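[1] Please find the sequence and the predicted model below.
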2 protein chains.
Amino acid sequence: MQKQWDIDSLTADIVKRIKKQTLADKNGKLPSERKLMAYYNVSRYALRQALGKLSKNGYIYQIQGRGSYIHEHHDQTNSINQSDLGFTEDLAREGKSIQTVSAFQRIVPFSEIDFSPGNQQFSDDQLFVEIERFRTLENKPYLVEHSYYLPEIVGEISEEAMYGSMFDYLSKEKGLTVGFIDKFIRCELLTESYATFFHLETNMPSLTVRDDSYLREGELVAFSKVYYDYRDATLFMHKKLLE
Amino acid sequence: MQKQWDIDSLTADIVKRIKKQTLADKNGKLPSERKLMAYYNVSRYALRQALGKLSKNGYIYQIQGRGSYIHEHHDQTNSINQSDLGFTEDLAREGKSIQTVSAFQRIVPFSEIDFSPGNQQFSDDQLFVEIERFRTLENKPYLVEHSYYLPEIVGEISEEAMYGSMFDYLSKEKGLTVGFIDKFIRCELLTESYATFFHLETNMPSLTVRDDSYLREGELVAFSKVYYDYRDATLFMHKKLLE
DNA sequence: TAGTGGTCTAGACCACGGT
DNA sequence: CCGTGGTCTAGACCACTAC
């Protein structure tokens, strides 16, 4: 009885073998799909699902009639890969430490909020849990996160949670699963208080990311805006054409 | 003999019916996959490929055990959707006009270039075709594009091409197909000449996008940096989790 | 329990690239 | 011509949601 592969374990194993350089030949060419099917004993569909994930994230590229090849994309320092999970989470994954150095929470009505989700309106007296977090990367000021959560969905948010990953907190403590996020990336000027945190002058710029986070069920659960130190933050994206 | 659907026409038809609001019910729920299969007379695979594209781009979301639903994401003014084609191209598609108001071309060695592709190095005397283009959106200064093309691949670039879409030019005139692009988004300070174009002061910020463009065959064909007016440019992105 | 989307198989044909 | 990836079919079982 040999090992059974599903798409996730298959994907992971191919990545592992690519990194160990035991899969591709010296030109970076992978074995053909038919050979990989035989090797892993999976169907064409399962194999192509796995290769499709790698292709989407820029690990490989495929050329009809020729084969599949490894694509080395430079792992830029402090770069944020949108194809992976949450923005800050994957920095930690690379051995960097993200810490929340201070955090505030209060309840505010919609009328006092100076930015709003892209596709939804609320009445002025709709209440939100406002959270503001100042976070460092390797002990250096890195980002300010300004979020508004819908109290009807998330309930109360504990003080401890504000110093960790909100994503994990919602999932583990509240049983809420975020399904998708709309992101709006801009460049904006810093107010005095945020500029001070970054050791910058007022009106210096910031790379900002506005998120609208939706539950798996399609319901808006939070919207937020993250201000990054423009000197450190780079957002990485891999785009396939011809799809 | 009824109409034959392939994935692209199927995707397009579903989008059309969603926009005409003749597919979903009043709650934004689409017919089940089995019903759509029967309606279009296609296999589950083809249908799910089409729905997968819509899901990836944020048009719909799917919930296991419940169904598929439309996701209305606000069409932000001047927003650039990374899931679509070239960055500037899709603004034109929405009826906005992008024009090149001035353009320069010269040949330079690698040693004189102040930014470089993420994963590749060249010898100092490797020559590049440098192109600088100043472009307006609706007659308002919108972006500056600073690109370096590999002359061994693209050959000479005509003056006319510099005032249109380089993407189309490479494809139609040179028979070159760009297969994928690595993008690095940052916020940077403007030099005097660029700032002047945007009617901004020196050292005001800009949303910048560094592109490394690769041919379908995996060969680097150009790298560039685009500076957007930070007041106008918003980059839109839709992210699915749990994949 | 019935219906939904998620995963997976086995097989076929097509389009393209290199010989 | 053969081998490659790209598309598509028919069918099966699983996981989850609602009732």
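    Yep, it's here. Keep in mind that what you see is a predicted model, and the values were worked out from it rather than measured.

[2] how about A:Gln21, secondary structure?
    Here A:Gln21 is coil, with the state taken from DSSP: H, G, I helix; E, B strand; the rest coil.

[3] A:Glu188 now?
    When classified by three-state DSSP, A:Glu188 comes out as strand.

[4] ok, it - contacts?
    A:205-206, A:208, A:227, B:230 (Cβ atoms under 8 Å, 6 or more residues apart in numbering or on different chains). For glycine as for every other residue, the C-beta is placed from the backbone atoms N, C-alpha and C.

[5] Return the subset of these lying in strands.
    Helix and strand membership here follows DSSP state E; of the contacts of A:Glu188, those in strands are A:205-206, A:208, A:227.

[6] from those, which is closest to DNA strand C?
    Of all the ones in strands among the contacts of A:Glu188, A:Thr208 has the smallest distance to DNA strand C: 31.1 Å, by Cβ to the nearest atom of the strand.

[7] What is the burial count for that closest one?
    Other residues within reach of A:Thr208 by the criterion other Cβ atoms under 10 Å in any protein chain shown amount to 25.

[8] That one: what's it in contact with?
    By Cβ under 8 Å, 6+ apart, the neighbours of A:Thr208 are A:185-188, A:225-228.

[9] Make a ChimeraX selection of whichever of those residues turn out to be buried.
    Buried residues within these, as defined by 16 or more other Cβ atoms under 10 Å in any protein chain shown, are selected in ChimeraX through the command that follows:
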select /A:185,186,187,188,225,226,227,228
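
[10] Out of the contacts of A:Thr208, which is nearest to DNA strand C?
    Closest approach to DNA strand C among the contacts of A:Thr208 (Cβ to the nearest atom of the strand): A:Ile185, at 26.7 Å.

[11] right, quick check: the helix or strand hosting that closest one against DNA strand D, any contact?
    Element membership for A:Ile185 (DSSP states H and E) is strand A:178-189. No - under the criterion of Cβ under 7 Å from any atom of the strand, DNA strand D is not reached by strand A:178-189; the shortest gap measures 10.6 Å.

[12] so what secondary structure elements neighbour the helix or strand following that strand?
    Stepping forward along the backbone from strand A:178-189, the first helix or strand reached (DSSP H and E) is helix A:192-197. Under the contact criterion of 3 or more Cβ pairs under 8 Å, 6 or more residues apart in numbering or on different chains; DSSP states H and E, the helices and strands touching helix A:192-197 comprise strand A:140-149.

[13] Could I get the CA-only coordinates of the strand it packs on as PDB?
    Coordinates of each C-alpha in strand A:140-149 appear next as PDB, following Å, rounded to 0.1, in the frame of the first residue of the first chain:
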ATOM      1  CA  LYS A 140      11.900  48.700  14.200                       C
ATOM      2  CA  PRO A 141       8.600  50.600  13.700                       C
ATOM      3  CA  TYR A 142       7.000  49.000  10.700                       C
ATOM      4  CA  LEU A 143       3.300  49.500  10.500                       C
ATOM      5  CA  VAL A 144       0.200  51.000  12.000                       C
ATOM      6  CA  GLU A 145      -3.000  49.000  11.700                       C
ATOM      7  CA  HIS A 146      -6.300  50.900  12.100                       C
ATOM      8  CA  SER A 147      -9.300  48.500  12.000                       C
ATOM      9  CA  TYR A 148     -13.100  48.500  12.600                       C
ATOM     10  CA  TYR A 149     -14.900  45.300  13.500                       C
END
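
[14] and that strand, which strands flank it?
    On the basis of DSSP bridges, the sheet neighbours of strand A:140-149 come out as strand A:127-137 (antiparallel), strand A:220-229 (antiparallel).

[15] Run through who's touching the shortest one.
    Strand A:220-229 has contacts (Cβ under 8 Å, 6+ apart) with A:87, A:115-117, A:120, A:141-150, A:153-154, A:170, A:176, A:178, A:188, A:190, A:194, A:198, A:200, A:206-215, B:187.

[16] Now a ChimeraX select for only the buried ones of the residues you listed.
    For anyone working in ChimeraX, the buried entries among those, judged by 16+ other Cβ under 10 Å, can be selected with:
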select /A:87,117,141,142,143,144,145,146,147,148,149,150,154,170,176,178,188,190,194,198,200,206,207,208,209,210,211,212,213,214,215 /B:187
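
[17] Out of the contacts of strand A:220-229, which are close to DNA strand C?
    Intersecting these with the contacts of DNA strand C gives an empty set (criterion: Cβ under 7 Å from any atom of the strand).

[18] which of the ones in strands among the contacts of A:Glu188 lies closest to A:Met37?
    Out of the ones in strands among the contacts of A:Glu188, the one with the shortest distance to A:Met37 is A:Thr208. That distance is 45.3 Å, counting by Cβ to Cβ.

[19] close to chain B, is stretch A:170-181?
    Yes - among the residues of stretch A:170-181, A:177-181 lie within reach of chain B under Cβ under 8 Å from any Cβ of the partner chain.

[20] Serialize those to JSON lines and add fields for pLDDT.
    Rendered in JSON lines, the data for the residues of stretch A:170-181 next to chain B read as follows (pLDDT from 0 to 100):
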{"residue": "A:Thr177", "pLDDT": "88"}
{"residue": "A:Val178", "pLDDT": "88"}
{"residue": "A:Gly179", "pLDDT": "89"}
{"residue": "A:Phe180", "pLDDT": "89"}
{"residue": "A:Ile181", "pLDDT": "87"}
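
[21] Filter these down to the buried ones and express that as a PyMOL selection.
    Typed into PyMOL, the line below selects the buried ones among the residues of stretch A:170-181 next to chain B, using 16+ other Cβ under 10 Å:
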select buried, chain A and resi 178+179+180+181
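
[22] Now tabulate the contacts of A:Thr208 in CSV and tack on distance to A:Ser68 and pLDDT.
    Listed next are those as CSV, based on distance: Cβ to Cβ, whole Å; pLDDT from 0 to 100:
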residue, distance to A:Ser68, pLDDT
A:Ile185, 31, 88
A:Arg186, 37, 90
A:Cys187, 37, 95
A:Glu188, 41, 96
A:Lys225, 40, 95
A:Val226, 36, 93
A:Tyr227, 40, 95
A:Tyr228, 35, 93
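
[23] which of the contacts of A:Thr208 lies closest to B:Ile70?
    Using Cβ to Cβ, A:Ile185 is the member of those that sits closest to B:Ile70, with 24.2 Å.

[24] Could you check how far the residue nearest to A:Ser32 when sequence neighbours are not counted is from A:Arg48?
    Once flanking residues are discounted, A:Ser32 sits nearest to A:Gly67: 6.4 Å by Cβ to Cβ, 6 or more residues apart in numbering or on different chains. Note on A:Gly67: its distance to A:Arg48, by Cβ to Cβ, to the nearest Å, is 14 Å.

[25] Let me know the pLDDT of A:Ala222.
    Residue-level confidence at A:Ala222 comes out at 93, pLDDT.

[26] ugh, wrong one, I meant A:Tyr163
    87.

[27] cool, and A:Leu235?
    Per-residue confidence at A:Leu235 stands at 84 (pLDDT).

[28] And for the one 4 residues further on?
    As predicted, A:Lys239 sits at a pLDDT of 83.
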